[in-house]
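A.B. asks: What would the 3D arrangement of this be:
(2 chains)
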Protein chains: 2
Amino acid sequence: MVDSHDNNSPHEVVIVGGGFGGLYAAKALAKANVNVTLIDKRNFHLFQPLLYQVATGTLSPAHISSPLRSLLNKSKNTQVLLGEVNDIDPEAQQVIMDDQLVPYDTLIVATGAKHSYFGKDNWEEFAPGLKTVEDAIQMRRRIFMAFEAAEKETNPEKRRALLTFVIVGGGPTGVELAGAIAELAYQTLKKDFRNIDTSEAEILLLEGMDRILPPFAPELSQTAAASLANLGVTVQTKTLVTNIENDIVTMKVGDEVKHIAAKTVLWAAGVKASAMGKVLAERTGAECDRAGRIIVESDLSIQGHKNIFVVGDLANFSHQNGKPLPGVAPVAKQEGEYVAKLIRKQLQGQTLPQFNYTDQGSLAMIGQNAAVVDLGFMKLKGFFAWLFWLVIHIYFLMEFENKLLVMIQWVSNYITRNRGARLITNQQGSPEAKPVPSQSHYPTPENRLKVNV
Amino acid sequence: MVDSHDNNSPHEVVIVGGGFGGLYAAKALAKANVNVTLIDKRNFHLFQPLLYQVATGTLSPAHISSPLRSLLNKSKNTQVLLGEVNDIDPEAQQVIMDDQLVPYDTLIVATGAKHSYFGKDNWEEFAPGLKTVEDAIQMRRRIFMAFEAAEKETNPEKRRALLTFVIVGGGPTGVELAGAIAELAYQTLKKDFRNIDTSEAEILLLEGMDRILPPFAPELSQTAAASLANLGVTVQTKTLVTNIENDIVTMKVGDEVKHIAAKTVLWAAGVKASAMGKVLAERTGAECDRAGRIIVESDLSIQGHKNIFVVGDLANFSHQNGKPLPGVAPVAKQEGEYVAKLIRKQLQGQTLPQFNYTDQGSLAMIGQNAAVVDLGFMKLKGFFAWLFWLVIHIYFLMEFENKLLVMIQWVSNYITRNRGARLITNQQGSPEAKPVPSQSHYPTPENRLKVNV
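C.D. replies: Just a heads-up that it's a prediction; the model follows:
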């Protein structure tokens, strides 16, 4: 229960994380009689659903990023703090940052998730995931460098490995990456090289279950697989990756063990809770699920801590049908808005029924004129699904400023079939460009996250 | 003199560097009866005149970068090689790369220039220059991080240093940076912070000569200084920087020595020849000027090496009026095109008169509705100069694909006065975010260039 102060200082709401959950909570509190502090380690909100388009050279990072300060500069009750939260103290009701303590009356934790390699963290070096702008730039560099290296390679076996792209995980991100790389290899880059034929590239999409896009209706999974095959992607279901090392992917298909030499392996297979999950669990005694997500009450608070809420990918909310809600933007957005509303109600001495997610359906882009849309009551495929995907994404991007540009970029790419944003940059940070020095000096994914204040 | 082969294998032209000089040489050879190999360590051509707009959050790197392969994919006689040239062998007529040797009949070297700290290379850590996309991203990070840190800083003196921006060098780049930062501080960011008033930021432009924009007519220098003052920039001429260290800029104004505490110091003061200059001089005995540029013959070849040409910022061409041509895009472009034409003529047994530069004038942007244009026969200032600047840049960008986007971005920024591309990224690479480990492991500017294959 939110405690309305006796004295005159307004109720302090601290939000950790400026993704969909945190941002929409802050927006929904803009006119409430509270002070809001939004803390993020980045100075921008990232529209993650389009990150794969940065990784494959269609969009620039700025197209899908909006400065948090601009997004919230009209909320006079809201301040944005750039920095990392290391710990919280529920007794003292404060959030602990590197350089300051931030007191709260109500805390909303929305720090999201990161990739998970199911305990095989050494795979990350060979198979990067896609969560941050830097991840996307790194993927983009790897993809385009593979073609560049193939152009120079004279050994046919090595050249083949350079032109083999393996995407692990057949969810929406994996499907979208596979489709975009296929379009790159078979269309965009076709005339750009002299020694290789980019249409000889092999693109493999691996999925452990018996079909790709498991959250969709089975018929849409089939459509998506057919569309991918049509684009030139080899879809392999019931395939478990058992090792990734030195450009060799080892997998089990049924009882058979297979090895594939691939210079570019992209990880779209699993996520786990961000580091704040562990901190919260330790400090509040909250229960976690296997992915490290906090199991929340029906109002998204933590058991025994009515003034601490968890929203978005970090929350496991299973009150609706026993299954946790998926880690997607609409869930985070609705959860953030629910908590904001609950805080406003509680300050007026009222309450709200439990959180209830309204499923608006699932979408996945496959390629030009091909997508799948599952709205439950309606299923779309092909051109109409593709158009629907575009309209929905433009619509949501429009809530941010300036994003007409994305639409124009898409129209231009559609006409020219070109992709302008294929710069290979920041090579000094990438393992393939430079021998890794002693472990302590080289930024590991873990301390890289830390440094990105 | 270009030697036309006796046998049937076509004449091999190797171009090192894909900037304006190299790219336009390659384009002008597209239909010649030669094989062209363009070698660059980056996979894109960079439209450097707009790099300051990336550094100040207006444009994204991809807006001003075009993949070299796309730009040249219609030239069937041209191949692009990604990699670094380490050495040349004029006897064997080959270019030496990390992993291969490339034979040439004619060599065009167009590797450009880098910043010069006049021997004070230790200043670079505190005062980065602006030559590459990574430089621009680093500048952008420093500028926006300064405001972020000021928002958190409680010590008024430190806060003042965080809000002080010093730009060293009053040429076009320095003027454009100063104007853009003034617009950022006094307009774009005005409502974004809660603890600081960004309009208290101090922006200093330092110039050693007695006026900014020395290549322009004196009246335009005055106009530019007045426009900058109007925007809030303090312009200090006759000011020599004598030291930059630990966020303190030391300068001599007349006989007076002054110290200014500034967290953000940007270098726009001088350039020197790229590393290939030294290699060329050693291998061919070519004479260099003080900036390391190769003194070329009147046909842009190297004395005694009629089949090696130098174009662009790396060349010192003084045959017109005794003064070397400036290091700007139009010079590089015209030189590249001249050499291409000369090669074509020589293969037909003909020749060409000496290279002759057509000066098309100088432009510098100051800010919204303010620029200066010196066409010699005509001088523009204010709104019309600003419009002229936009039209000229759009016109030249149009030669590349897809760059309508820049225009739309500008129109949108003009209307909203917002700047969308203000992401702070890649912090792990920046000295302010992480203590610099032992020198050998940390990429110095020198080995960073090397690694950027």
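A.B. asks: Point out where chain A drops to low pLDDT.
C.D. replies: Low-confidence segments of chain A (pLDDT under 70): A:1-8, A:398-409, A:411-420, A:426-453.
A.B. asks: residue boundaries of the helices in it?
C.D. replies: Using DSSP state H, the helices assigned to chain A run over residues A:20-28, A:51-55, A:68-71, A:133-152, A:156-162, A:172-183, A:218-231, A:276-284, A:329-347, A:382-398, A:404-416, A:445-451.
A.B. asks: List just the one of those helices that sits closest to chain B.
C.D. replies: Each of the helices of chain A was scored for nearness to chain B using C-beta to the nearest C-beta, and the closest is helix A:68-71 (3.7 Å). C-betas here are computed from N, CA, C, even on glycine.
A.B. asks: Pipe the helices of chain A into JSON lines and attach distance to chain B and mean neighbour count per row.
C.D. replies: Below are the helices of chain A laid out as JSON lines (distance: least, C-beta to the nearest C-beta, whole Å; neighbours: other C-beta atoms under 10 Å in any protein chain shown):
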{"stretch": "helix A:20-28", "distance to chain B": "13", "mean neighbour count": "26"}
{"stretch": "helix A:51-55", "distance to chain B": "10", "mean neighbour count": "25"}
{"stretch": "helix A:68-71", "distance to chain B": "4", "mean neighbour count": "24"}
{"stretch": "helix A:133-152", "distance to chain B": "5", "mean neighbour count": "22"}
{"stretch": "helix A:156-162", "distance to chain B": "12", "mean neighbour count": "16"}
{"stretch": "helix A:172-183", "distance to chain B": "15", "mean neighbour count": "26"}
{"stretch": "helix A:218-231", "distance to chain B": "21", "mean neighbour count": "19"}
{"stretch": "helix A:276-284", "distance to chain B": "19", "mean neighbour count": "19"}
{"stretch": "helix A:329-347", "distance to chain B": "19", "mean neighbour count": "22"}
{"stretch": "helix A:382-398", "distance to chain B": "12", "mean neighbour count": "16"}
{"stretch": "helix A:404-416", "distance to chain B": "6", "mean neighbour count": "16"}
{"stretch": "helix A:445-451", "distance to chain B": "5", "mean neighbour count": "16"}
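A.B. asks: For the ones you listed, give me JSON lines that also has distance to residue B:71.
C.D. replies: Written out in JSON lines, the entries for the helices of chain A read as follows (distance: least, C-beta to C-beta, whole Å):
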{"stretch": "helix A:20-28", "distance to residue B:71": "38"}
{"stretch": "helix A:51-55", "distance to residue B:71": "22"}
{"stretch": "helix A:68-71", "distance to residue B:71": "34"}
{"stretch": "helix A:133-152", "distance to residue B:71": "15"}
{"stretch": "helix A:156-162", "distance to residue B:71": "23"}
{"stretch": "helix A:172-183", "distance to residue B:71": "20"}
{"stretch": "helix A:218-231", "distance to residue B:71": "26"}
{"stretch": "helix A:276-284", "distance to residue B:71": "46"}
{"stretch": "helix A:329-347", "distance to residue B:71": "37"}
{"stretch": "helix A:382-398", "distance to residue B:71": "28"}
{"stretch": "helix A:404-416", "distance to residue B:71": "13"}
{"stretch": "helix A:445-451", "distance to residue B:71": "34"}
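A.B. asks: from the stretch 351-453 of chain A, which residue is nearest to chain B?
C.D. replies: Closest to chain B within the stretch 351-453 of chain A is residue A:421: 3.6 Å, counting by C-beta to the nearest C-beta.
A.B. asks: Any idea which of the helices of chain A gets closest to residue B:132?
C.D. replies: In this view, those are compared for proximity to residue B:132 by C-beta to C-beta, and helix A:133-152 is the closest at 14.7 Å.
A.B. asks: Which other helices and strands does that closest one contact?
C.D. replies: The contact analysis (3 or more C-beta pairs under 8 Å, 6 or more residues apart in numbering or on different chains; DSSP states H and E) places helix A:133-152 against helix A:51-55, helix A:156-162, strand A:264-267, strand B:78-82.
A.B. asks: for the longest one, packing partners?
C.D. replies: When you say that, I think you mean helix A:156-162. Packed against helix A:156-162 by the contact rule (3+ C-beta pairs under 8 Å, 6+ apart) you find helix A:133-152, strand A:256-261.
A.B. asks: neighbouring contacts of that helix?
C.D. replies: Residues from elsewhere that reach helix A:156-162 (C-beta atoms under 8 Å, 6 or more residues apart in numbering or on different chains): A:146-147, A:149-150, A:153, A:196, A:202, A:247, A:261-264.
A.B. asks: hmm, try it at 10 Å
C.D. replies: Identification of contacts with helix A:156-162 by C-beta atoms under 10 Å, 6 or more residues apart in numbering or on different chains yields A:145-153, A:155, A:195-196, A:200-202, A:247-248, A:260-264.
A.B. asks: Only alpha carbons, please: show that helix as PDB.
C.D. replies: Taking only C-alpha atoms (Å, rounded to 0.1, in the frame of the first residue of the first chain), the coordinates of helix A:156-162 have been written out as PDB:
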ATOM      1  CA  PRO A 156      37.100 -22.700 -50.500                       C
ATOM      2  CA  GLU A 157      36.400 -24.400 -47.200                       C
ATOM      3  CA  LYS A 158      37.100 -21.200 -45.200                       C
ATOM      4  CA  ARG A 159      35.200 -19.200 -47.700                       C
ATOM      5  CA  ARG A 160      32.200 -21.500 -47.200                       C
ATOM      6  CA  ALA A 161      32.400 -21.000 -43.400                       C
ATOM      7  CA  LEU A 162      32.600 -17.200 -43.900                       C
END
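A.B. asks: Relative to the whole chain's centre, how far out is that helix?
C.D. replies: Here helix A:156-162 is found 31 Å from its chain centre; the criterion is C-alpha atoms, centre = their mean, to the nearest Å.
A.B. asks: and what of the last one?
C.D. replies: Mean C-alpha position of strand B:78-82 versus that of the full chain (C-alpha atoms, centre = their mean) differs by 23 Å.
A.B. asks: hang on, isn't residue A:370 packed against residue A:178?
C.D. replies: No. Using C-beta atoms under 10 Å, residue A:370 makes no contact with residue A:178, being 12.0 Å away.
A.B. asks: How many residues are close by the closest residue to residue A:189 other than its chain neighbours?
C.D. replies: The shortest distance from residue A:189 to any residue other than its chain neighbours is 4.5 Å, reached at residue A:198 (C-beta to C-beta, 6 or more residues apart in numbering or on different chains). Burial of residue A:198 is recorded as 19 neighbouring residues (other C-beta atoms under 10 Å in any protein chain shown).
A.B. asks: same thing with the one 3 residues further on?
C.D. replies: Residue A:201 is surrounded by 23 other residues when neighbours are defined as other C-beta under 10 Å.
A.B. asks: do the same with the one 4 residues further on
C.D. replies: Applying other C-beta under 10 Å, we find 30 residues neighbouring residue A:205.
A.B. asks: check contacts around it.
C.D. replies: With C-beta under 10 Å, 6+ apart as the criterion, the residues that contact residue A:205 are A:165-170, A:174-175, A:177-179, A:181-182, A:212, A:224-225, A:228-229, A:233-237, A:239, A:266, A:268.
A.B. asks: And residue A:195, by the same measure?
C.D. replies: With contacts defined as C-beta under 10 Å, 6+ apart, the neighbours of residue A:195 are A:150-154, A:159, B:79, B:81.
A.B. asks: surely residue A:287 meets residue A:310?
C.D. replies: No. Under the criterion of C-beta under 10 Å, residue A:287 is not in contact with residue A:310, lying 11.6 Å apart.
A.B. asks: The two: who's more crowded?
C.D. replies: residue A:310 (33 against 13).
A.B. asks: give me the beta-bridge partners of that one?
C.D. replies: For residue A:310, the beta-bridge partners under DSSP bridges are residue A:109.
A.B. asks: Quick one: residues contacting it.
C.D. replies: With contacts defined as C-beta under 10 Å, 6+ apart, residue A:310 is in contact with A:16, A:21, A:107-111, A:273, A:276-277, A:280, A:284, A:286, A:293-297, A:300-302, A:316-317, A:335, A:339.
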